[in-house]
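Engineer: Next one to model:
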Amino acid sequence: MAKQDRSYIGKGTIYLKALKAGIGLMPVGNCSALEISFEEDKKEQKDYTSVGGGNVNVVSRIDSVTGSMTALDLSADTMAPALRAAVKNEASGQVTDEVITATGNDGELLPFAYAPDHTQAITVKNAADDSGLTEGDDYTLTANGLLVVGAGAITASGVKVSYTKAPQEILEAMVSAGEEFCLFFDGMNEAQSGNPVSVTLHKVKFSPLQGLQLIGDEFAEVSMEFEVLRDSTKTGTGISQFMKVIQAL
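Structural biologist: Next up is the predicted model:
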């Protein structure tokens, strides 16, 4: 009987579920890679009875199981596990008379508290007396705030700004201990007409990000590394406490 072709090209979506939160499996978004690695701990007993060398016995154990995924959708929810972060979604709304301190120096950046909606009006006043300030003469707008024009009327008293904040997500990094997640790969084998493939990693813990590309000419990506841990809740003969793989034939 001829052996069935089992060549593999994987495509699909990665989902994560925080094990201590009441939220189900949520999509990570577009990812270009998902890899699992196995580290071996090998004990060897050498043969010292002859000059030919070799081993008399060997014991091999799995020392650790690690993995990595490369995320192309850099949402706050995607990056949060590897940044030990808290995420908040901020709805659109009006911000009135937000006070921003200043020195009045030419070229000084005064960032807004929220990302503004530039399709709506932005007004700037002197914080001391509420007198109006003029764009171009006193300040110029940037993507996230304004730049002081030194010859203008902005002083050390600062400014008050009113604007509409755009819908946005806010990520506060390094505010929590590393959480444990279940990782599920809802995959397809492109080399086998899109046959279903699933991988369940029952418990994973992400390492902190090694880097975050913020300026560049290419699409940014984030490599997120994790360790696969033993899940003691998975019990039974032949039941793995680490990983399960299902492939349709």
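Engineer: domain assignment for the chain?
Structural biologist: Domains of the chain are assigned by automatic domain parsing as 18-41+55-85+191-247, 92-166.
Engineer: I'd like to know which of the ones you listed lies nearest to E172.
Structural biologist: domain 18-41+55-85+191-247 (5.9 Å; C-beta to C-beta). For glycine as for every other residue, the C-beta is placed from the backbone atoms N, C-alpha and C.
Engineer: A177 is nearest to which of the domains of the chain?
Structural biologist: Closest to A177 of those is domain 18-41+55-85+191-247 (C-beta to C-beta; 6.8 Å).
Engineer: Could you give the separation of that closest one from the chain centroid?
Structural biologist: 13 Å (C-alpha atoms, centre = their mean, to the nearest Å).
Engineer: avg pLDDT for that domain?
Structural biologist: Across domain 18-41+55-85+191-247, pLDDT averages out at 95.
Engineer: distance of the closest residue to G145 other than its chain neighbours from L201?
Structural biologist: Closest residue in space to G145, ignoring its immediate chain neighbours: P111 at 4.0 Å, by C-beta to C-beta, 6 or more residues apart in numbering. In this view, P111 and L201 are 40 Å apart by C-beta to C-beta, to the nearest Å.
Engineer: So those two - more neighbours on which side?
Structural biologist: L201 (25 against 12; other C-beta atoms under 10 Å).
Engineer: what about the more buried one, is that helix, strand or coil?
Structural biologist: When classified by DSSP: H, G, I helix; E, B strand; the rest coil, L201 comes out as strand.
Engineer: So it is in contact with G67, correct?
Structural biologist: Yes - the pair L201 / G67 is scored as a contact, 7.0 Å apart, by C-beta atoms under 8 Å.
Engineer: what touches both of these two?
Structural biologist: Common contact partners of L201 and G67 (C-beta atoms under 8 Å, 6 or more residues apart in numbering): I36, L183, V228.
Engineer: what about the first one, how many neighbours?
Structural biologist: It stands for I36. A count of neighbours around I36, defined by other C-beta under 10 Å, yields 18.
Engineer: Spit out the contact partners of it.
Structural biologist: For I36, the contacting residues are V65, T66, G67, V199, L201, V228, M243, by C-beta under 8 Å, 6+ apart.
Engineer: can you do 7 Å?
Structural biologist: Residues in contact with I36 (C-beta atoms under 7 Å, 6 or more residues apart in numbering) are V65, G67.
Engineer: Name the helix or strand for it, please.
Structural biologist: strand 31-46 (DSSP states H and E).
Engineer: Would you quantify the distance from the residue nearest the centre of the chain to G12?
Structural biologist: For the chain, the residue nearest the mean C-alpha position is M79 (1.3 Å; C-alpha atoms, centre = their mean). M79 sits 20 Å away from G12, going by C-beta to C-beta.
Engineer: Ok, L72 next?
Structural biologist: L72 is 14 Å from G12, by C-beta to C-beta.
Engineer: between those two, who's got more neighbours?
Structural biologist: Set side by side, L72 and G12 show more neighbours around G12, with 19 against 15, by other C-beta under 10 Å.
Engineer: Tell me if I'm right that I170 and A86 touch.
Structural biologist: No - using C-beta atoms under 7 Å as the test, I170 is too far from A86 to be in contact (8.6 Å).
Engineer: Check the burial of A85 by counting its neighbours.
Structural biologist: A85 has 17 neighbours, counted by other C-beta under 10 Å.
Engineer: same check, this time on V28
Structural biologist: For V28, the count of nearby residues is 23 (other C-beta under 10 Å).
Engineer: give the contact list for it.
Structural biologist: I14, Y15, L16, A71, T78.
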